[in-house]
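Student: structure for the following, please:
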Amino acid sequence: MSIRLTGMASGLDTDSMVQELVKASSTKKESLEKAKTKLGWKQTAWSDLNTKIYSFFSKSLSNMRLEGSFKKKSTTVADTSIASVVAGDSAVNGTQSLVVKKLATAGYLTGGKLEKTDGTAATASTTLSEMSTLTSTDTAKINVKVGTTNTEISVTGDTKISEVITQLNNAGVNASFDATNQRIYVNSKTSGTAGDFTIEAVSSDTNAPTALAGLKLTSGSGAIEIDGSDASITLNGADYTSTNNTFTINGLTITAQKESSKDTNGDYIPTNINTSDDIDGIYKMVKDFFSEYNKLMIEMDTLYNATSSKGYEPLTDDEKESMSDDEITLWEDKIKDALLRRDSTLGTVVSTMKSAMIQSFDVNGTETSLTTFGIETMSYFLAADNEKGAYHIDGNSDDTATAGNKDKLKTAIASNPDQVASFFTKLANNLYDELNKQMKSTAYRTIYKVYDDKKMQQEYDDYDDKISDQEEKLTDLEDRYYKQFSAMESAMTKLNSQQSALTSMLGG
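Tutor: As a prediction, this is how the structure comes out:
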C-alpha cells in the first residue's frame with residue numbers, strides 16, 4: 001500500500017474523514033457478518049438438539065422396539081450363601097431345586113521347606129548344587145504336565161531357583177519362590193481337572209529325582225499337593241459339572257459359592273431357585289423411556305415456543321466495548337434462545353413424534369393405546385408451559401401429578417405381559433420408522449440428521465464470499481475518497497502557490 005500524505009495544504013484530518021465516510025457505507029458488511037454469526041449459532045443449536053434426538057432414537061427408542069426387551073426375568077435364591085443366580089430371557093418361570101455338591105478347585109502344590117547343605121537360607125540366586133548332590137555337569141530332565149500337555153524342562157547343578165521358577169511358568173503353571181518361608185509354590189492357572197498339573201521326573205533320567213528332591217517338590221520331601229477338581233451341582237435331580245463354579249443351564253447362570261449342607265441321614269439339603277417375570281424391571285424400562293421422551297419433547301417445545309428476540313442482533317466489536325461481560329452474555333443468550341423459534345423443521349419433527357405417540361394398535365383383537373395403560377398427557381389448561389406434550393403414568397410414585405391414581409401399567413405387566421410387549425413394541429416401531437424418515441440423507445442433509453446441515457453449511461460458507469466482496473468494495477471506496485482528497489490538496493497547493501506569486505509581484 002502506498003504512503004498517503006494528506007491534509008498538508010488544507011489542514012484537514014483527511015484520514016478520519018475518509019474512515020467516517022467509509023463507515024457510513026460499511027453497514028451491508030456488518031449486516032452480513034451478523035447474519036453469519038447468527039447462522040453459526042443456529043448450526044450449533046441444531047447440532048446439539050440433533051445429538052439428543054439421535055441418542056433417544058438409537059438407544060431408548062431402539063430398545064423399546066424389541067420384544068426381547070420385555071422378557072426380563074427376576075430370580076431369587078432361598079439360601080444366597082449357596083449360590084447366586086441370574087435369569088436370562090429364556091429362563092422358565094417357577095421353582096427349581098439346587099444342590100451344590102462340590103466347588104471347583106485349582107491344583108496347588110506347596111513345596112517342602114528348602115534346605116541348603118551349609119544350613120544358610122536359600123535365595124532366588126541359590127543353585128541346585130547348593131541344595132543337592134547335583135554337580136555343575138549334571139543335567140536333570142523334569143516333566144510338567146498341564147491337562148494333556150507335557151513340557152520337559154532341563155536343569156543342572158548351576159541352575160538357580162529363579163531360573164527354575166521361570167521354566168515352570170513357561171510350562172503353563174503359576175510358580176513363585178517365597179524367601180521368607182523358604183518354599184516354592186505352584187498352582188494351576190485354571191480350576192477344574194482340565195487345568196490340573198503334575199511335576200514328575202523323566203523316568204529315564206537318573207538325576208531327575210535328585211533335582212526334585214533338592215527343590216522339595218515331591219511328597220516325600222514335605223511337599224503338599226491338592227488336586228484340581230471340577231464343580232458339581234444337581235439341578236432338579238440332574239447332575240452337572242463345570243471346570244469353574246459357573247453353570248449355564250436352560251436360561252439360568254448359576255454361580256456356586258458354597259457346598260450344600262447335609263441332614264442327619266447324610267443327604268444334601270437343597271435350596272430353591274424361584275424365577276418369575278421381572279415386573280419392576282419392565283416397568284422401569286417403560287418409565288425410563290417416557291422420562292427420556294418427555295425431556296426431549298419439553299426441550300423441543302421450549303425452543304419452538306421461545307420468546308421473540310426481535311430487535312436483537314449479534315454485537316460488533318465496537319458495540320461490545322461499551323458493555324460489560326454479563327451484559328454481552330445476556331444479550332447474546334436472548335438471541336440464542338430464540339434461534340429455533342417457529343422453525344418449520346423443528347415443528348415438523350415435534351408434530352411427527354406427537355402424532356406417532358397417539359396412535360392405537362390392534363393387540364389380539366383389542367384396540368389398544370397409551371390410555372389403556374394409564375399413560376396420558378395432562379389437560380391443556382393444567383399442563384405447564386411447554387409440557388403439554390409430556391406423558392404421565394398413573395401410579396408413578398415419582399410424578400406428583402398422577403402418583404395417587406390406579407397403576408394400570410404395572411397391573412398390565414403382571415397380568416398380561418404379552419399384551420404390554422406387543423403394544424409397546426408396535427408403538428416404538430411406529431415412532432422409530434417416522435423419525436427414521438426424518439433422518440434420511442438428502443441433497444441438503446446428512447443421514448441421521450433431522451435438519452438441513454449441508455444446506456446451512458453452504459449458506460455459512462457463502463457468507464465468507466459475500467463479506468469478502470464487500471471488503472473489496474470498501475477498499476475501492478476508500479481509495480476513491482483518498483484520491484479525491486488528494487486532488488483537492490493538489491488544487492489547493494497550486495492555488496496557494498499562485499497567490500504567493502501574485503503577492504510577490506504586487507510587492508506584498
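Student: contacts, neighbours, all on C-alpha from now
Tutor: Fine.
Student: can you classify residue 274 by secondary structure?
Tutor: At residue 274 the chain is in strand, as set by DSSP: H, G, I helix; E, B strand; the rest coil.
Student: please name the nearest non-neighbouring residue to it.
Tutor: residue 95 (4.5 Å; C-alpha to C-alpha, 6 or more residues apart in numbering).
Student: what's the burial count for the one you found?
Tutor: 15 (other C-alpha atoms under 10 Å).
Student: what does residue 359 give?
Tutor: Neighbour number of residue 359 under other C-alpha under 10 Å is 14.
Student: for the one 4 residues further on, same thing?
Tutor: When counting by other C-alpha under 10 Å, one arrives at 16 neighbours for residue 363.
Student: what of the one 4 residues further on?
Tutor: The number of residues packed around residue 367, counting by other C-alpha under 10 Å, is 11.
Student: what's the answer for residue 354, then?
Tutor: With other C-alpha under 10 Å as criterion, residue 354 counts 15.
Student: in which helix or strand would I find it?
Tutor: Using DSSP states H and E, residue 354 maps to helix 344-357.
Student: list the helices and strands the following helix or strand past that helix packs on?
Tutor: Heading C-terminal from helix 344-357, the first helix or strand you meet, by DSSP H and E, is strand 361-363. Packing partners of strand 361-363 (3 or more C-alpha pairs under 8 Å, 6 or more residues apart in numbering; DSSP states H and E): strand 366-368, helix 417-438.
Student: sheet-wise, list the partners of strand 361-363 with their directions.
Tutor: Applying DSSP bridges to the sheet, strand 361-363 is found paired with strand 366-368 (antiparallel).
Student: quick check: mean pLDDT across the partner strand?
Tutor: Summarised as a single mean, pLDDT over strand 366-368 is 96.
Student: before we move on, what about stretch 437-453?
Tutor: Across stretch 437-453, the per-residue pLDDT values average to 96.
Student: same check, this time on stretch 267-287
Tutor: 96.
Student: so how far is it off the chain centroid?
Tutor: Distance of stretch 267-287 from its chain centroid, counting by C-alpha atoms, centre = their mean, to the nearest Å, is 29 Å.
Student: could you export it as CSV, CA atoms only?
Tutor: Extracted in CSV, the C-alpha atoms of stretch 267-287 (Å, rounded to 0.1, in the frame of the first residue of the first chain):
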residue,chain,number,x,y,z
ASP,A,267,-28.4,-86.4,52.3
TYR,A,268,-27.9,-83.0,50.8
ILE,A,269,-30.3,-80.2,51.8
PRO,A,270,-31.5,-78.5,48.6
THR,A,271,-32.2,-74.8,48.2
ASN,A,272,-34.9,-73.3,46.0
ILE,A,273,-34.5,-71.0,43.0
ASN,A,274,-37.6,-69.0,42.2
THR,A,275,-37.9,-67.4,38.7
SER,A,276,-40.7,-65.1,37.5
ASP,A,277,-41.3,-62.2,35.1
ASP,A,278,-39.4,-59.1,36.3
ILE,A,279,-42.4,-56.8,36.7
ASP,A,280,-40.4,-54.0,38.3
GLY,A,281,-37.7,-54.3,35.6
ILE,A,282,-40.2,-54.0,32.7
TYR,A,283,-42.0,-51.1,34.5
LYS,A,284,-38.7,-49.2,35.0
MET,A,285,-37.8,-49.7,31.3
VAL,A,286,-41.1,-48.2,30.2
LYS,A,287,-40.9,-45.4,32.8
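Student: so for it, what gets flagged as buried?
Tutor: 268, 270-279, 281-283, 285-287 (16 or more other C-alpha atoms under 10 Å).
Student: mind listing the strands for the stretch 201-350 of the chain?
Tutor: Remark: strands assigned in the stretch 201-350 of the chain by DSSP state E, counting those that start in this stretch are 224-226, 231-235, 238-242, 246-249, 252-256, 271-277.
Student: make JSON lines from those strands and add distance to residue 302 to it.
Tutor: As requested, these are arranged in JSON lines below (distance: least, C-alpha to C-alpha, whole Å):
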{"stretch": "strand 224-226", "distance to residue 302": "70"}
{"stretch": "strand 231-235", "distance to residue 302": "57"}
{"stretch": "strand 238-242", "distance to residue 302": "58"}
{"stretch": "strand 246-249", "distance to residue 302": "50"}
{"stretch": "strand 252-256", "distance to residue 302": "47"}
{"stretch": "strand 271-277", "distance to residue 302": "39"}
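Student: neighbouring contacts of the helix holding residue 354?
Tutor: Contacts to helix 344-357, defined as C-alpha atoms under 8 Å, 6 or more residues apart in numbering, come from residues 297, 300-301, 304, 340, 389, 427, 430-431, 434-435, 438, 450-451.
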